[in-house]
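[1] Got a predicted structure plus its sequence, pasted below:
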Amino acid sequence: GGGVKQALSHYNFAGDIGKAVIPGLMGVLLVAVSWRTGATLLGVLGVAAAVLLWWLIPSRAQALAAGGKAPKLATGNGSPGGLRALLMLGMLDSAVRMGFLTFLPFLLRLKGAGTAGIGLALTLLFVGGAFGKLLCGYLGARIGLLKTVSLTEAGTALLIVLAVVLPYSATLVMLPLLGLALNGTSSVLYGVVPELAAAGKHEQAFALFYTGTIGGGALAPVVFGRLGDVTGVPTAVVVLAATLLFTLPLAWRVNKGLVAE
């Protein structure tokens, strides 16, 4: 339900904030210590976080003992067809996101941006992306998956094309909005995984979905990079944007599975 979508949007937002803050802190830390010391401190931080989670999150047996009954999960037989469409939708969304992130520095270089300018552009994109995950989680809970995904994917395609044709300064202004649309879809998609999964198979559905989306994101730089070698970066980025149009019928199929559930 809406609570799951909002909780996942908070989780994804916090993760993106960590991705933005930790590298910056690491850069400051490297002024005073060696990279080995910095890497060791990051490892210690990771272990401390794991111990903290182990302590804070109760086991299933403890939750049952405290609450007297199992927490209520999404019920029903799920929608295998809807789940397959969701997986394909997630793979395409992830592929375009990773493909665009791969091409963006080269695209900005063609516009005359230097190293500092490219770094600023990526920061603006990531900040917009973090807030996109937070905002779109709430948006999906209120207006539904079909409207939210149609809005974010169509908006992403349009903004990616604008990133190709606009000059550098205008692209910078537009990048936070592009980041919001580019990253926002994922929060909505994660939130409907348990609604489409068969009863008792939520973990398996999440594992399949995460594996598929990560795989799509990993393949995209290879496939679209080869296309960029043949056609040039601007043309490859436009093809990347056009790929998002295939997400619209998939979103309709996912929504059909949710309604029929």
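    Nice, I can see it. Numbering: from 1, shown residues only.
[2] Settle this for me: G179 is touching L125, isn't it.
    Yes: contact criterion CB atoms under 8 Å: G179 and L125 qualify, at 4.1 Å. From N, CA and C alone the C-beta is placed, and that goes for glycine too.
[3] and those two? which has more neighbours close in?
    G179 (26 against 23; other CB atoms under 10 Å).
[4] show me what contacts the more buried one?
    L124, L125, F126, V127, G128, G129, A130, G132 (CB atoms under 8 Å, 6 or more residues apart in numbering).
[5] hmm, try it at 7 Å
    G179 is in contact with L124, L125, F126, V127, G128, G129, G132, counting by CB atoms under 7 Å, 6 or more residues apart in numbering.
[6] Mind checking which of those land in helices?
    Among the contacts of G179, the residues falling in helices (DSSP state H) are L124, L125, F126, V127, G128, G129, G132.
[7] which among the residues you listed end up buried?
    L124, L125, F126, V127, G128, G129, G132 (16 or more other CB atoms under 10 Å).
[8] need the residues you listed in a markdown table with pLDDT and distance to L29, can you?
    What follows is those, written out as a markdown table (pLDDT from 0 to 100; distance: CB to CB, whole Å):
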| residue | pLDDT | distance to L29 |
| --- | --- | --- |
| L124 | 89 | 24 |
| L125 | 91 | 24 |
| F126 | 86 | 20 |
| V127 | 86 | 21 |
| G128 | 89 | 26 |
| G129 | 87 | 24 |
| G132 | 86 | 29 |
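[9] Which two of these have the greatest separation?
    Greatest spatial distance among those (CB to CB): L124 and G132, at 12.4 Å.
[10] Figure out the helix or strand that the residue nearest to G128 when sequence neighbours are not counted lives in.
    Counting by CB to CB, 6 or more residues apart in numbering, G128 lies nearest to G179, which is 2.8 Å off, once chain neighbours are set aside. Applying DSSP states H and E as the criterion places G179 in helix 168-196.
[11] Provide a list of residues in contact with G112.
    Y168.
[12] Checking it next. Helix, strand or coil?
    Three-state assignment for G112 (DSSP: H, G, I helix; E, B strand; the rest coil): coil.
[13] For P105, see how far away it is.
    According to CB to CB, to the nearest Å, G112 and P105 sit 13 Å apart.
[14] what does stretch 96-110 contact?
    117-118, 121-122, 160, 163-164, 168, 182-183, 217, 220-221, 224-225, 228, 233, 236-237, 240, 243-244.
[15] now, which of those lie within helices?
    117-118, 121-122, 160, 163-164, 168, 182-183, 217, 220-221, 224-225, 228, 233, 236-237, 240, 243.
[16] In ChimeraX, how would I select the buried members of those?
    The buried residues among those can be selected in ChimeraX (16+ other CB under 10 Å) with this line:
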select :117,118,121,122,160,163,164,168,182,183,217,220,221,224,228,233,236,237,240,243
